[in-house]
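K.L.:
Next one to model:
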Amino acid sequence: MIRALSRQDNLRVDTWERVKKGTEFFGAGKKAEFADYLRGLRKKDPLAADLLRVMEADFRSMATEALIRGRRLLSKVSGKPRLAGFLFYHLGRAYRHAGEIAASDNYFQRALELSEQSGDREAISHARLMLLFNKLYKAEYESLYSELRAFTRSVVPKYEHYSHYFLAILEIIRGNPHGAAETMDSLLASGKGNELFRLVVMEIRGLAARMLGRLEEATRFYSESARGLLDLGSAYAAFPCAKAMEISRLGGLESPPLKMVRKCIGLARKGSVGEEAAAREIEALLTEDDGEAAAGLLGAAQGYHRGHQPIEAFMAGLLSACLAWRVEGPVFQGAVKFIAPMAPLHPGLAQDPLLGKFLATVKPLLGYAPHGEDNGGIRAHLIGEFRVFVDGRDILARKWGKRKAIRALLYLLLSPKHRIARDHLFYLLWPRKRYDERTRAWLYVAVNHIRKNLGSPDLLTSKHDFYQLEGDILTDLGELENLVCRAEASQDPAEKEELLRRARELAGGELLPEIIDDHYVDEYRLYYDKLRRRVLIG
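P.N.:
Model (predicted):
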C-alpha cells in the first residue's frame, strides 16, 4: 500500500513537472518545440498533455475549446492540488473570455483557496491577481485602483510586473498616459514576463501613445503587437490590429498590411466573443462608407460589451457615433445611448486627440436614463418580485408552468451579457444528465417556450454555441452595478450621493427570494450582497 502511494505521488510530481515544462515552451514562444513536446506527452502522460491543451486554447483566446476540454478534466485532477489549481486558473480565464464573470470569479476563488491551503505564496498572488483583473473587466476601476496599489506592496516578485501592467491601464483611464507610458517602457526594458506578456504590454503602450497624440508611435506598437500575437497563433491579435486601424481611419496614417489584417480576422473568428467583436470592428473599418462603417462599429461595440471589454466597447461605440454624426447616419442615437453609461467611467479617454473633441461636442447628449424610464426592449426585475416586460408588456413568466423554461430565462437575465454556452445552460438545468443528441432536444423545447412568450424568436438567438438574448436589455441588478461603478468613479460629491441614493432604492429587496437551492442563483446572490455592501459604505 505504501509503495502504491509512493508511485502515485511520483506520478503526480512528474505530471506537474511536465506541465511546467510545457508552459515554459509555450510562454517563450517556441511553437515547434511546444508542439513536439505535446505529441510526445500524449502517450507518456495524457493528463499533462490534456492540461497543456487547455492552456493552449485559453492563451489563444479560444474560450469555448478551453471550456469543453477543461471541464472534462475536473474529475481527473481531484485530489491533486497543483494540477487542480492550474486547471482552475485556465477555466477562470476561459469563462472570463466567454463573458461569464461570476463563473470566472468562482474558479479563481477555488484556485486561491487551494493555494492558501498549501501556503504557496506565488500561487496565492497569482489567484488574487486574477480576481483583481476581473474587476477591470467589470469596469470597477476605482475600487480596483486602491486594491491594486495595496496588492503591489505585498505581491511576490514573480507577479509584480503584472500588477504594474494593470495599474498602467488604470492610469490611462484616469487621465495619466505619461505615467502609463513610463511604466510600460520600464516593463519592456526589464524583459520580465513571457513573450505573450510583452506583446500585450506593447498594445497598452500603443494606447498610451495614442492618448499622448503620438499616432505614428502608437501605430507602430499596435502593429508589432498584432504581428507577434499572430506568430503565437493567438486570436487576440485582432485587438491591437483593430486599434491600429482606428488610427488609420481617423488620423490618415497608413493601415496595417492587408494580408496581416485578413489573418487577424480569420484567427479572431475562432476566438471568443471579444475577438469576434474585434474582427467585426476591423471589417467595419475596412468599409469606406461612413454610414455603413458606423453601423458595423456599433455592432462591434456591443460585442465587446458582451465580452467584458469595456475600454474597447466605449472606444468603438464612440467612433461609431462620430462617423454617424458626420453623415447624419441612423445609428447615431443608438451609439450615443450605448456609450452614455460608460463615458463617466472613462474620464481619461476624453484626452484622445482623435475623438476627444467629438466627445466634448456630444457630451450634453449623454444624459443617463434611470431604470424604468424607457419601456422599450426587455426589462427585468430580479430584486424582489421577479417580473419581465417586453416592450412594456408583462410576459407573466412566473405563471408559465414550465419550470425549466423559467430557470433558463432567469439564467440568461442574470448573466451580465445575457448569453450562456448551450452545453453550460443544459448542465445548469439538468446537472445529472448527459448532454447528447437525445437530451439536446430538452433544451430546445425550453428555449422555444421562452421565444414564444417573448413574442419574437429574434429576441433569443443561437450564435457560436451560445444562446443569447438580443436587443435592448436592462435588469435592475445590472442597473445597480452601473450606478455603483459610476458613483465610485464620480469626483462630484453631489453627483456621487445622488447615484448612491438611486442605488440604495434599487437594493432594498433580496435577489430572487422565491428561488432556493440553485447554485447559479446563489453565485449572483453573493455578488449582489457585495454590491449592497459597497452601496452602504458609499
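K.L.:
Report the secondary structure element holding the spatially most central residue of the chain.
P.N.:
The chain has His308 as the residue nearest its centroid, 3.2 Å off, counting by CA atoms, centre = their mean. His308 is part of no helix or strand, with elements assigned from DSSP states H and E.
K.L.:
give me every residue that touches it.
P.N.:
Arg96, Gly99, Ile101, Tyr137, Lys138, Gly274, Pro416, Lys417 (CB atoms under 8 Å, 6 or more residues apart in numbering). Every residue, glycine included, has its C-beta placed from N, CA and C.
K.L.:
quick one: which of the residues you listed is nearest Leu526?
P.N.:
Ile101 (12.5 Å; CB to CB).
K.L.:
That closest one touches Ala139, doesn't it?
P.N.:
No: using CB atoms under 8 Å as the test, Ile101 is too far from Ala139 to be in contact (11.0 Å).
K.L.:
Looking at those two, which is more packed in?
P.N.:
Using other CB atoms under 10 Å as the criterion, Ile101 and Ala139 rank with Ala139 on top: 24 against 20.
K.L.:
how far away is that one from Lys417?
P.N.:
13 Å (CB to CB, to the nearest Å).
K.L.:
before we move on, what about Glu276?
P.N.:
For Glu276, the distance to Lys417 - CB to CB - is 13 Å.
K.L.:
what is in contact with these two at once?
P.N.:
Gly307.
K.L.:
Switch the contacts of His308 over to a markdown table; also include pLDDT and distance to Phe86.
P.N.:
As requested, the contacts of His308 are exported to a markdown table (pLDDT from 0 to 100; distance: CB to CB, whole Å):
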| residue | pLDDT | distance to Phe86 |
| --- | --- | --- |
| Arg96 | 84 | 16 |
| Gly99 | 72 | 23 |
| Ile101 | 80 | 21 |
| Tyr137 | 87 | 21 |
| Lys138 | 86 | 25 |
| Gly274 | 87 | 23 |
| Pro416 | 76 | 26 |
| Lys417 | 78 | 27 |
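K.L.:
Mark which of those residues are part of helices, please.
P.N.:
Within these, residues falling in helices by DSSP state H are Arg96, Ile101, Tyr137, Gly274.
K.L.:
Dump these to TSV, plus distance to Ala284.
P.N.:
Listed next are the ones in helices among the contacts of His308 as TSV, based on distance: CB to CB, whole Å:
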residue	distance to Ala284
Arg96	25
Ile101	26
Tyr137	23
Gly274	16
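K.L.:
what's the farthest-apart pair in those?
P.N.:
Farthest pair in these, by CB to CB: Ile101 and Gly274, 12.6 Å.
K.L.:
returning to what we had before: looking at the contacts of His308, state which has the most neighbours.
P.N.:
Going by other CB under 10 Å, Gly274 tops the contacts of His308 with 29 neighbours.
K.L.:
Report the separation between it and Asp290.
P.N.:
Using CB to CB, one obtains 25 Å as the distance from Gly274 to Asp290.
K.L.:
And stretch 25-45, what's buried?
P.N.:
Residues of stretch 25-45 classed as buried: Phe25, Phe26, Gly27, Gly29, Phe34, Tyr37, Leu38, Leu41, Asp45 (neighbour count, 16 or more other CB atoms under 10 Å).
K.L.:
correct me, but the fourth one touches Leu229?
P.N.:
Which is Gly29. No: contact criterion CB under 8 Å: Gly29 and Leu229 do not qualify, at 10.3 Å.
K.L.:
Closest one of the contacts of His308 to Arg393?
P.N.:
For those, the closest approach to Arg393 (CB to CB) belongs to Lys417, at 23.8 Å.
K.L.:
Make sure the closest one is actually in contact with Gly307.
P.N.:
Yes: contact criterion CB under 8 Å: Lys417 and Gly307 qualify, at 7.2 Å.
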